[in-house]
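1. Could you work out the structure for the sequence below:
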Amino acid sequence: MALHFNDNNSRSSFPMYFGRQTKFGDAASTPLKLIKLHVEQQVNATFPLIHQVATTMVFKNDQNRVLEGALEFTLAEKATICGFEKARITFEKEVRKGVDPGLVEMVQGNLFRTRVYSIQAGGIRIVRVIYQDQAKVENDNFLFNIPIYFTTTLDNLDISLICTHTSNHSQPQFLSDVKFQQPFVNSQGKYCSELHLVNVKPLKGEQSMTYMLRNLAPEQAIYSVEIDSDDRNQAYFALCYMPPFHQYNTMIDNNEKAMSICLLWDASLSRANVENRNHEINILKNILNICDCLSTIGSDDSTQLNQLTTKPLWIFNANSTHEPTNFSLINYLTNVSGDGYISRDKILDQNSANHIVQWVDKSQARYISTDIITNANVHDIYPSHSIVLIPNAERFILVGKMSSTASAKIAINFSISNQIHRQELIIDRADSTPENYGLLRRLYAKQMLTELTAFPEKNKKRILDIGMKYSIVNNFTSILVLETLQQHIEHKICPHPSRTTLYNDYMKYQQNKNQEESTKSQEKMTAVLSLWQARCT
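-> As a prediction, the model looks like this:
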């Protein structure tokens, strides 16, 4: 976190971190001080699987020179960044990554980075990050974890938590060890928790707060419908369901067990870590009695791995969490083939070999397909292919689009212990009255991207289009931060219509510019015509 000064451009760079569970050095060495933190969280209790968090950070430059801030923030695995604000926002392609003053881009996995310039000597800078996350489900409760990370004493700490459409029987409850908690109060059909503190010192350990909503019908599917803002005749829907795994025996009979296994080993330089390789070999020795026949795939093109998905596929990976791992491709291969992924934690766990053997011997529960019974206008359903379900883990999520003027009846088909489980559901028509946070719209986009990013180069155009349409940062899109009308004019980027004043000024400028160009063109044509007529006479 050392200060770096460049005489060529007279500005300094340093990292500012948000959302990480680990601290990054001595806070006193950070030249830019976080002085205010405002966290806002919203969730609709009718579909509490997803929630939105907006974090506003005010940084102060105590130095006597202009600084540039490099802000890095890590989100949860299921989180999606959907907004970034300083003053004015627009979304643009990655070709504009070199443009000042600010840019949000995906670095690796769910690590994002942005530059914030300029920060005047003695001045402040406001950064606002908005992201969407999925709740954790434990013991039929939905848990919402909100990071509140700071390493210096804050002048102000403001926390606002809002739960809409919550019944009296499912009042939000803080967990016992939550810091900065303020009881929820029922106000006009909403449960709200407001906390305003001054002169707040940082806490030791993980800085976050968690509260829960009780699921009153744990074995029933929950769903939500949201009108498409681009086409109000269409709507996004999402449903969450946990099949009754406990009703089925998941052990495979001996006559169904595999008689032969093919091992494919990544021997590329990216897997040069001997320790990781030894962990994988040891776990396989504990599982297999014989290992014979070793061959090589001539190309490292990941698209060729499609040929492997006709057979059950298990992937072992002893890489540490900080080492590069293509989880999108891993999820695709294991889902399509019907088996699973063995991570480093499972490999190094005590008695891991026995646990893994039992896991492999189990018949993997799978989502198969969705049948549309009524309302033929239900379309673009994701997952679009069969996927593996993990019992007692996260719930199955289905998203899609439908007509906003009619209800729909669908049936979801699962395979559990080689038996078909079919669940019929009715999805009511969209209600235009509830608050629309755009959560389902972005959840729908994220589910699409989950499938497409398995082969990013092949699906680059679609990934880019989805990121642009739904304002989501991914491998091929970034959020560009522009503050003034002049910057938008200079880089020819139209402000988002939600920024009414800036948008109107930009459109007015474009109209005046077009009118001036038209006038100049007409005057030029008149002058040329006059010269031609003079020459002809």
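2. can we go C-alpha only for contacts and neighbour counts from here?
-> Fine.
3. thought Ala408 was touching Ile427?
-> Yes. Using Cα atoms under 8 Å, Ala408 makes contact with Ile427 at a distance of 5.2 Å.
4. if I look at Gln120, how far off is Asn64?
-> In this view, Gln120 and Asn64 are 8 Å apart by Cα to Cα, to the nearest Å.
5. Neighbour count for these two, which is higher?
-> Gln120 (18 against 10; other Cα atoms under 10 Å).
6. Surely the more buried one touches Lys60?
-> No. Assessed by Cα under 8 Å, Gln120 is found out of contact with Lys60, at 9.1 Å.
7. Now do the strands in the stretch 51-200 of the chain.
-> Taking DSSP state E, counting those that start in this stretch, the strands of the stretch 51-200 of the chain run over residues 67-74, 80-85, 89-93, 102-108, 111-119, 124-134, 136-138, 141-147, 154-164, 173-174, 185-187, 190-200.
8. So what are the sheet partners of the shortest one and their directions?
-> It stands for strand 173-174. strand 208-214 (antiparallel) (DSSP bridges).
9. Helices of the chain, start to end?
-> In the chain, the helices defined using DSSP state H lie at 274-287, 327-337, 344-348, 352-361, 439-452, 460-470, 485-491, 500-536.
10. Now mean neighbour count, distance to Leu154 and mean pLDDT too, for the ones you listed, in a markdown table please.
-> Formatted as a markdown table, the helices of the chain follow (neighbours: other Cα atoms under 10 Å; distance: least, Cα to Cα, whole Å; pLDDT from 0 to 100):
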| stretch | mean neighbour count | distance to Leu154 | mean pLDDT |
| --- | --- | --- | --- |
| helix 274-287 | 15 | 42 | 66 |
| helix 327-337 | 20 | 37 | 81 |
| helix 344-348 | 17 | 37 | 77 |
| helix 352-361 | 15 | 45 | 72 |
| helix 439-452 | 21 | 31 | 89 |
| helix 460-470 | 18 | 34 | 86 |
| helix 485-491 | 14 | 33 | 75 |
| helix 500-536 | 12 | 32 | 87 |
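11. Nearest to Lys33, out of these?
-> With Cα to Cα as the criterion, Lys33 lies closest to helix 485-491 of these, at 27.4 Å.
12. who touches that closest one?
-> Leu482, Cys494, Pro495, Leu502, Asp505, Tyr506 (Cα atoms under 8 Å, 6 or more residues apart in numbering).
13. Tell me the pLDDT of the first one.
-> Leu482 is assigned a predicted lDDT (pLDDT) of 63.
14. Could you report the neighbour count for Thr46?
-> Neighbours of Thr46 (other Cα under 10 Å): 14.
15. Looks like it contacts Ser170 (just checking).
-> No. The criterion here is Cα under 8 Å, and Thr46 misses it with Ser170 at 10.7 Å.
16. Quickly, which of the strands of the stretch 51-200 of the chain bottoms out on average pLDDT?
-> With a mean of 39, strand 89-93 has the lowest mean pLDDT of the strands of the stretch 51-200 of the chain.
17. and Ile162, which of the helices of the chain is closest to it?
-> Per Cα to Cα, nearest to Ile162 of these: helix 439-452, 14.7 Å.
18. which outside residues touch the closest one?
-> Contacts of helix 439-452 (Cα under 8 Å, 6+ apart): 50-52, 80, 82, 132, 224-226, 228, 236-238, 328, 332, 382-383, 399-400, 459, 462-463, 466, 470, 472.
19. try stretch 382-395
-> Stretch 382-395 is touched from outside by 136-137, 240-242, 245, 334-336, 338-340, 364-369, 396, 398-400, 444, 447-448, 451, with contacts defined as Cα under 8 Å, 6+ apart.
20. buried sites along it?
-> Tyr382, Pro383, Ser384, Ser386, Ile387, Val388, Leu389, Glu394, Arg395 (16 or more other Cα atoms under 10 Å).
21. And for stretch 119-134?
-> Neighbour-count burial for stretch 119-134, with 16+ other Cα under 10 Å as criterion, is recorded at 119-120, 124-134.
22. can I get the residues you listed in JSON lines with distance to Gly438?
-> Converted to JSON lines, these look like this (distance: Cα to Cα, whole Å):
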{"residue": "Ile119", "distance to Gly438": "32"}
{"residue": "Gln120", "distance to Gly438": "35"}
{"residue": "Ile124", "distance to Gly438": "31"}
{"residue": "Arg125", "distance to Gly438": "27"}
{"residue": "Ile126", "distance to Gly438": "24"}
{"residue": "Val127", "distance to Gly438": "21"}
{"residue": "Arg128", "distance to Gly438": "18"}
{"residue": "Val129", "distance to Gly438": "16"}
{"residue": "Ile130", "distance to Gly438": "12"}
{"residue": "Tyr131", "distance to Gly438": "11"}
{"residue": "Gln132", "distance to Gly438": "10"}
{"residue": "Asp133", "distance to Gly438": "13"}
{"residue": "Gln134", "distance to Gly438": "14"}
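23. Farthest-apart pair in those, please.
-> That would be Gln120 and Gln134, which, of these, are the farthest apart (Cα to Cα) at 37.5 Å.
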